[in-house]
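**Q** I would like to see how this sequence folds:
(2 chains)
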Amino acid sequence: MKGRVLVLWFVVSIPLLWGVFKTLQNAIKLFQ
Amino acid sequence: MTAGFFARESTIAEPGFNRFQVPTAALSVHLAIGQVYAFSTFNIPLTKILGIDHSAPGDWKATQVVWIFSIAIAFLGASAAFFGPWVERAGPRKSMFTAALCFGGGFLVSALGVKLHQLWLIYLGYGVLGGCGLGIGYISPVSTLIKWFPDRPGMATGMAIMGFGGGALIAAPLSVILMAHFKSATSNGVLETFVTMGVIYFMFMMIGVFTVRVPAPGWKPEGWVAPTAARKLVTTANVTVNVAWRTPQFWLLWTVLCMNVTAGIGVLAVASPMIQEIFAGRVTPVTAASFVGLLSLFNMFGRFFWASTSDYLGRRNTYMIFFLLGIALYAAVPSIGAVPLFVACFCIILSMYGGGFATIPAYLRDVFGTFQVGAIHGLLLTAWSVAGVLGPQLVSYIRDHQINSGVAKAQAYSVTMYIMCGLLLVGFLCNFAMKAVDPKYHRKETAGSAS
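**A** Sure thing, here's the model as predicted:
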């Protein structure tokens, strides 16, 4: 059950982390 | 797959079920429907459907296209209010599936609208159908999460509603990448992007449909003891949705949410031109776009941070912080001359905007109980629809009025900031006036009536 929960968290976190990364990548320009 | 699969009874968790699976189901829905915040990435491409690289005669005008988003947000609020009681009866699986069908289907109908070049089909597809998917999807997991996490309701709903803020962070770059990928000599890629996103989002929301569970009647977290006596603003009783909206507490909270959202959404709508005009020559359109991205990030993290914090501080105190800190920051903004400090102020303001959305379900649960909290939440979201129109219009109108009166562009936002302080003061007073619901409104509990 714990493994299944970890997999599900992984699946939903990947697109979110990608979105956060892309946003931060752009946000850096603000302070350059 | 039989009809039984979607029945509430089929989603009752087996003993030993790990409750931390449920927030992933909620996140899969909210990360998808949060795409609506990034719909503006389609605004310019939608005005170049015939011309591909430029707006040709017969192409839609920008003023016609912006209505798609407005219709979607209006239907979000209306469907959340209208379908709230049905969502409570049907359970999270059936309502999440309906939301997935509406939201994914909305994209497909809109793709047909692009193909036939019929704007009304996009209004109907993304605006009406997609908007209903947004409203139903938004409230679907809320009461389920509150029932799974009676010890940490703020944290649980904060996780889900954080997904709604995060959805825009995913959708904005995804839309741009897909449109660039599908662009050809005969298409600017919008049609193909709508079809792809409709399919992707439907499938992603289905993760939630398959994994969501409701707790068995009488379930409670291991070692957790339900408080026997009601605290000042935390009830142990329940109020039904039909009674809740007749109480002053409902309208006080409606105003609290409306004022908090109006102040935040007004800034979000004009963030890019605002920073460019206030710091003319120092901030370019590219860095202004970065500012907007940063605001979205704080909007997202604020949802989780503030909602989780409210479990310790109490909901009323958390909103007190939103309003008092918000007033202080808005009042300080006109005198700030440094870009980083200006950005920092608005990042904190937008974190509290997101926090307001994420903390309200737990506040409703405290005041009205868990019985129909999802439906009451749906009804309260009409405040969002009102604020969605009021905030941007207010900021734009005051800015234009100031400029027309001869005020320099850099100073045109100062009055707006002070008006935001006024709105937050109204919210503060309503929050200050919150008291426990009169027991005469409480639902008479009968054996086996627990939801």
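**Q** Please tell me the pLDDT value assigned to residue 2.
**A** All of this is about chain A. Here, the pLDDT recorded for residue A:2 equals 82.
**Q** wrong chain, I was asking about chain B
**A** 51.
**Q** ditto for residue B:371
**A** 86.
**Q** With the flanking residues excluded, which residue is spatially nearest to it?
**A** What sits nearest to residue B:371 in space, not counting adjacent residues and going by C-beta to C-beta, 6 or more residues apart in numbering or on different chains, is residue B:238, at 3.6 Å. C-beta coordinates here come from the backbone N, C-alpha and C atoms, glycine included.
**Q** how about residue B:184, phi and psi?
**A** phi -140, psi -170 (degrees, to the nearest 10).
**Q** related to what we said a few turns ago, can you pull the contacts of the residue nearest to residue B:371?
**A** B:368, B:369, B:370, B:371, B:372, B:442, B:443, B:445 (C-beta atoms under 8 Å, 6 or more residues apart in numbering or on different chains).
**Q** ok, it to chain A distance?
**A** Applying C-beta to the nearest C-beta, to the nearest Å, the value for residue B:238 to chain A is 30 Å.
**Q** Three-state assignment for that residue, please.
**A** Here residue B:238 is recorded as coil under DSSP: H, G, I helix; E, B strand; the rest coil.
**Q** Tell me the predicted confidence for it.
**A** pLDDT at residue B:238 comes out at 88.
**Q** and if you look at residue B:440?
**A** 90.
**Q** after whichever strand or helix holds residue B:89, next one along is what?
**A** Secondary structure from DSSP states H and E places residue B:89 in helix B:67-90. Scanning forward in sequence from helix B:67-90 by DSSP H and E, the next helix or strand is helix B:92-116.
**Q** Quick one: distance of that following helix to the chain centre.
**A** Distance of helix B:92-116 from the chain centroid (C-alpha atoms, centre = their mean, to the nearest Å) equals 18 Å.
**Q** rewinding a little: pick the one among the contacts of residue B:238 closest to residue B:127.
**A** Distance to residue B:127 across these (C-beta to C-beta) is lowest for residue B:372, with 28.1 Å.
**Q** who's in contact with the closest one?
**A** B:84, B:85, B:88, B:143, B:238, B:239, B:240, B:241, B:244, B:451.
**Q** I'd assumed residue B:375 was in contact with the second one.
**A** Yes - here residue B:85 lies in contact with residue B:375, judged by C-beta atoms under 8 Å, at a distance of 4.7 Å.
**Q** So for the two, which residue has more residues nearby?
**A** Using other C-beta atoms under 10 Å in any protein chain shown, the more surrounded residue of residue B:85 and residue B:375 is residue B:375, with 28 against 18.
**Q** and the more buried one, that's in a helix?
**A** Yes - checked against three-state DSSP, residue B:375 lies within a helix.
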